[in-house]
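A.B. asks: This is a predicted model, with the sequence first.
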Amino acid sequence: MAIDATRGPRPVPHHAVGVLKAFAMVLTVGWLLFGTLVVVLRYAVLPNVDDYRGDVERIAGRALGETVHIGRIEASWRGLRPSIALQSLQIVDAQGGDALVLPMVRATLSWETLLLFQLRLSSLEVDAPRLAIRRDAEGRFHVAGFPIRRKAAPDDRAAEWLFAQDSIRIRGARVGWHDEADPSSPDLELDDVAFAIERSGFRHRMALRATPPATLAAPIDLRAVVDHRPFAKLADPEHWSGEVYANVASGDVLAWRAWLPLPATVDGGRGRARVWLRFGDAGTPAGTFAHRLAERTGRPSLSGLDRIASITADLALDDVAVRWGVTEYSSLASIDGRVEASQSSTQQRFAASHTALQPRNGHLVPATDFRIERTIGASPDAETGKASLGAIDIGVSIGLVPDTLIPPLIAEKLAALKPRGILTRMAFEWSGPIAKPKTFAVDAGFERLALDAQPPSAEAVAAASREVVAANGLVRKPHEA
């Protein structure tokens, strides 16, 4: 096909040219207004910013919902963003007391302030604050005088404003805890507290490091990634999901009992623990294993347990004591290993990996593994499960369990037989409700198994190896050595 070289390009329609000109004019006017604003701020407002202290106090007070007093204001620039330093910032609570006193606060303004007509900060830095946290007689928590609610309320403006900022960093803080709901609980002081929170869309990353009294633990390290449901209130924990990490070194379990709801059966322990926990929002529980199991059995699940998706803990504990009754104890010189638990809509899993136990007066139980998995279906009988156990020393392991926890008939047999040897492996599977399974199967292996002689037999059972396989109660006899 021939091409007519004399024809020029198709002319641009007149209406398109008009749109382009209008767009270019808007951009030009916008840049001029922005430049004018920057010049006014730089040469007229910021050099005399302390004269506007009253206006700043009113703006901050409206944002926080509390009365704010500022000792002095200084201004500078960080790139193209104006930065303000506030000295002797005081936040006064509804009772007229100082809920929070901040010696120095540095705030870098975000240009989102102009778009949203609300105070927005690119960064907020706080040096050496003293923060008070308390629980009142009705069980409500207050941080720096601000009430923390389990569900968002219309007046949670302070918390919403804090979560809306891009970056918040606190250094060298002192945090005090006072419990009015439990007068017997002593006050607690944490020193050298550092906190950081970064916002990216509907996600927040948080980090906390604090130094408790030396009698409690070494410095504590907490980190979290929290995702918020889109367009929900940022300060409402009901809409939070994410992951939390905690690292506690040289902690004394009993010393923390005054502030933490530890199980009554725990009577001692110190050492190091690292914990990872994943959790879902308030809409998650209806689809979790714990919730479905609670509905099936008619027994409510523990508060908050149905929001936990998984938890992993690395433990290195010494001098562990667990109380099973009035007089029964299990005392261990050390516990080392990893413990894991997780749940989905149909499955629940628990595992202990490379876990080693050292009894206080006994032989070391070498590291072994234990796993159990339980699956439920739509009907009560639609349940299956499996469990496995690695190699353990039978005699040493039996000695760790108090007699009161073993059924009397079994305890009597164990005392008479005194089983010894190595359980090399064990696997157990079942179908149907765990309390009354329809079918089950057991597979186990032993080495150097020995039992004390029992009447009418004249000699003890001793063998180099044994194999036991059971299905629905039918046991195959061990082969001869």
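C.D. replies: Received it, and whenever you're ready, just let me know what you need.
A.B. asks: Report pLDDT for Ile308.
C.D. replies: As predicted, Ile308 sits at a pLDDT of 83.
A.B. asks: and the closest residue to it other than its chain neighbours, how many neighbours does it have?
C.D. replies: Spatial nearest neighbour of Ile308, excluding adjacent residues (Cβ to Cβ, 6 or more residues apart in numbering): Phe279 at 5.4 Å. Just so you know, the C-beta spots here come from the backbone N, C-alpha and C atoms, and that holds for glycine as well. Number of residues near Phe279 (other Cβ atoms under 10 Å) recorded here: 19.
A.B. asks: Val175 too?
C.D. replies: Val175: 21 neighbours (other Cβ under 10 Å).
A.B. asks: What of Ser250?
C.D. replies: Neighbour count of Ser250, defined by other Cβ under 10 Å: 12.
A.B. asks: got the contact list for it?
C.D. replies: Ser250 is in contact with 217-218, 270-272, counting by Cβ atoms under 8 Å, 6 or more residues apart in numbering.
A.B. asks: Which of these sits closest to Ala132?
C.D. replies: For the contacts of Ser250, the minimum distance to Ala132 (Cβ to Cβ) is 21.4 Å, reached by Ala217.
A.B. asks: Can you classify that closest one by secondary structure?
C.D. replies: coil (DSSP: H, G, I helix; E, B strand; the rest coil).
A.B. asks: I figured it hits Val253, correct?
C.D. replies: No. The criterion here is Cβ atoms under 8 Å, and Ala217 misses it with Val253 at 9.9 Å.
A.B. asks: For the closest residue to Arg448 other than its chain neighbours, give its distance to Asp369.
C.D. replies: Nearest non-adjacent residue to Arg448, counting by Cβ to Cβ, 6+ apart: Gly421, 4.5 Å away. Between Gly421 and Asp369 the distance is 19 Å, computed by Cβ to Cβ, to the nearest Å.
A.B. asks: And those two? Which one has more around it.
C.D. replies: Shown here are Gly421 and Asp369; by other Cβ under 10 Å, Gly421 has more neighbours (19 against 16).
A.B. asks: what about that one, which helix or strand?
C.D. replies: Using DSSP states H and E, Gly421 sits within strand 420-431.
A.B. asks: from the chain's centre, how far out does that strand sit?
C.D. replies: Centroid displacement of strand 420-431 relative to its chain, using Cα atoms, centre = their mean, to the nearest Å, is 34 Å.
A.B. asks: which residues sit against that strand?
C.D. replies: With Cβ under 8 Å, 6+ apart, strand 420-431 has contacts from 383-395, 437-451.
A.B. asks: hmm, which of these are the buried ones?
C.D. replies: 383-385, 387-390, 392-395, 437, 440, 442, 444-446, 449-451 (16 or more other Cβ atoms under 10 Å).
A.B. asks: Ser342 is in contact with the residue nearest to Ile308, correct?
C.D. replies: No. Judged on Cβ under 8 Å, Phe279 makes no contact with Ser342 at a distance of 11.6 Å.
A.B. asks: which residues do the two both contact?
C.D. replies: Taking Cβ under 8 Å, 6+ apart as the contact rule, Phe279 and Ser342 both touch Ala309.
A.B. asks: tell me the average confidence for stretch 431-443?
C.D. replies: For stretch 431-443, the per-residue pLDDT averages 82.
A.B. asks: Stretch 275-290 now?
C.D. replies: Rounded mean pLDDT across stretch 275-290 is 72.
A.B. asks: Can you flag which of the contacts of strand 420-431 belong to helices?
C.D. replies: 394-395 (DSSP state H).
A.B. asks: Using PDB, list the CA coordinates for stretch 202-211.
C.D. replies: Coordinates of each C-alpha in stretch 202-211 appear next as PDB, following Å, rounded to 0.1, in the frame of the first residue of the first chain:
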ATOM      1  CA  PHE A 202      -3.100  -0.500  57.200                       C
ATOM      2  CA  ARG A 203       0.000  -2.000  58.900                       C
ATOM      3  CA  HIS A 204       1.900  -1.000  62.000                       C
ATOM      4  CA  ARG A 205       5.300  -2.200  63.100                       C
ATOM      5  CA  MET A 206       6.100  -1.800  66.700                       C
ATOM      6  CA  ALA A 207       9.200  -2.500  68.900                       C
ATOM      7  CA  LEU A 208       9.600  -2.100  72.700                       C
ATOM      8  CA  ARG A 209      12.700  -2.600  74.900                       C
ATOM      9  CA  ALA A 210      12.700  -2.200  78.600                       C
ATOM     10  CA  THR A 211      14.800  -2.900  81.600                       C
END
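A.B. asks: which of the residues in it are buried?
C.D. replies: 204, 206, 208-211.
A.B. asks: Among these, which lie within helices?
C.D. replies: Among these, no member falls in helices (DSSP H).
A.B. asks: For the residues you listed, please prepare TSV with the additional fields pLDDT and distance to Arg323.
C.D. replies: Output for those, formatted as TSV (pLDDT from 0 to 100; distance: Cβ to Cβ, whole Å):
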residue	pLDDT	distance to Arg323
His204	92	40
Met206	95	36
Leu208	93	32
Arg209	93	33
Ala210	91	30
Thr211	90	31
